[in-house]
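Q: For reference, the sequence and a predicted model appear below.
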Amino acid sequence: MSNNANAMVLASFTGDVLALGVHWIYDPARIAREFGRVDSYLKPRSDSYHPTRESGEFTHYGDQTMVLLESLAAKGGFDLDDFAGRWRTLFKNYSGYIDGATKGTLKNFEAGRGPEESGSSSNDLAGASRIAPLVLYLRNDPEELARAARGQTAMTHADSDTVHAAEFFARAARRVLEGTPPVSAMTDEAQGRFAGTRIEHWVAEGVKSKPQETVAVIGQFGRSCHAPEAFPAVVHLIARYEHNLEEALIENVMSGGDSAARGMLAGMILGAHLGREGIPERWVSEMKKRREIEKALEKYRHGDTT
C-alpha cells in the first residue's frame, strides 16, 4: 500500500504539471492545432495564465498542494493553522496566477477571519483537488481524513458542494488504496454516504459516460472549474481510463478548460489504484519539484517530523 500511497501523491501533482502549458484554453481544437497531442510537459506561452512558469512546474493549484504536503511533513499530521500560515506566506509576493478564490480568501484573512471562516464563496473544484497529501497521511483514520479534507477545502472554498466533493474523493481514494477498484469505490461511496445528494447524481452521470469519447463528454459536462461541471468530468476520466493513468491525464488536457483541477483528482485516484508503475517515468523525472516531493514522502515513511 505504501508504494501506491506515494504514487497517489506523485500522480496528483503530475496531473497539474501536465496541464500547465495549455491550462484554461477552452477550445480543444485549438489545443490540438497549436500544441499537438500534449503527452509531455510544456512551457506556457507568454499570453497564457502562467507566463512566469517553466516546463515541469506547477500551476497555482500544485503550489498550494505542495504547501499542504510540507505542512503535513512538518507537523506529522493536519494542522489547519499551520497550513493557513504557510498558505498565506506562499501568496506574499507570489509570481504565479492568483485566482478569484485566492483573492477572496486573502481578503477575508486580512479582515481578521481565522482559517475556519476565511473561505471564499467559490465553487471551483480546485479547492478539493489538493487533498492527495491528506489521504497519504490520514488514510488509517477515515473520519479524521474526512474532517481534514473538508477543513483544508473550506479554508479557501466555502461552497458546500466543493467541501462535500473533497470528502467524497478523499474517502474514495482511501478505499482504492485498500484495494477497491476506482469505479466501485466511487459508486459505493456515492450510493452510501452521499445517497440523495448531487454527488450521487454526478457520479452516476460520470460512470454512465464511460463508453463515450472524452473530449466530447467533458464538453457536454462543461470545461469550467465549477464543481457541477468538473466533478462528473473527473469521474468520467477515472471510469474510462481505470487501467491507464497516462491516457487519462493526456485526454484530460486535450479536453481543455480547467484541466489542472480535474487532472489532480483523476491522477490521485488512478495513482492510488495503479501505483508508481502507472506513471510515465518521464513525467516524474521532469517534474521540477520532484526532489522536494520525494523528500516529504520519505520523511513520512520514516515518521520523521522534526
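A: Sure thing, it's come through.

Q: I'd say D82 and K75 touch.
A: Yes - here D82 lies in contact with K75, judged by Cβ atoms under 8 Å, at a distance of 5.4 Å. Yep, even glycine has a C-beta here, placed from its N, CA and C like the rest.

Q: For E205, which non-adjacent residue is spatially closest?
A: Nearest residue to E205, sequence neighbours excluded (Cβ to Cβ, 6 or more residues apart in numbering): P232, at 4.6 Å.

Q: what's the burial count for that neighbour?
A: Neighbourhood size, P232 [other Cβ atoms under 10 Å]: 26.

Q: Pull up the distance across stretch 169-187, start to finish.
A: Taking Cα to Cα, to the nearest Å as the measure, stretch 169-187 stretches 11 Å from start to finish.

Q: Quickly find the element holding M8.
A: In this assignment (DSSP states H and E), M8 forms part of helix 2-19.

Q: Show me what the helix or strand just after that helix packs onto, helices and strands only.
A: The element immediately downstream of helix 2-19 (helix or strand, assigned by DSSP H and E) is helix 28-35. Here helix 28-35 is seen to pack against helix 245-254 when contacts are counted using 3 or more Cβ pairs under 8 Å, 6 or more residues apart in numbering; DSSP states H and E.

Q: in the helix it packs on, what's buried?
A: Using 16 or more other Cβ atoms under 10 Å as the burial criterion, the residues of helix 245-254 that qualify are 245-246, 248-254.

Q: Let me have those residues in CSV, extended by pLDDT.
A: Supplementary listing: these in CSV, determined by pLDDT from 0 to 100:
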residue, pLDDT
L245, 98
E246, 98
A248, 98
L249, 98
I250, 98
E251, 98
N252, 98
V253, 98
M254, 98
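
Q: residue contacts, the residue nearest to E205?
A: For P232, the contacting residues are 202-203, 205-206, 209, 221, taking Cβ atoms under 8 Å, 6 or more residues apart in numbering as the criterion.

Q: Okay, and which of those map to strands?
A: By the criterion of DSSP state E, membership of these in strands covers no residue at all.

Q: Check these and tell me the two furthest apart.
A: Of all pairs drawn from the contacts of P232, the one with the largest separation by Cβ to Cβ is V203 and F221; the distance is 12.4 Å.

Q: Please say which of those two ends up with more neighbours.
A: Under the neighbour definition other Cβ under 10 Å, V203 and F221 were set side by side, and V203 has more, 27 against 23.

Q: now the closest residue to that one other than its chain neighbours, what's its secondary structure?
A: Leaving aside its chain neighbours, V203 sits nearest to A190 (3.8 Å; criterion: Cβ to Cβ, 6+ apart). Using DSSP: H, G, I helix; E, B strand; the rest coil as the criterion, the local structure at A190 reads helix.
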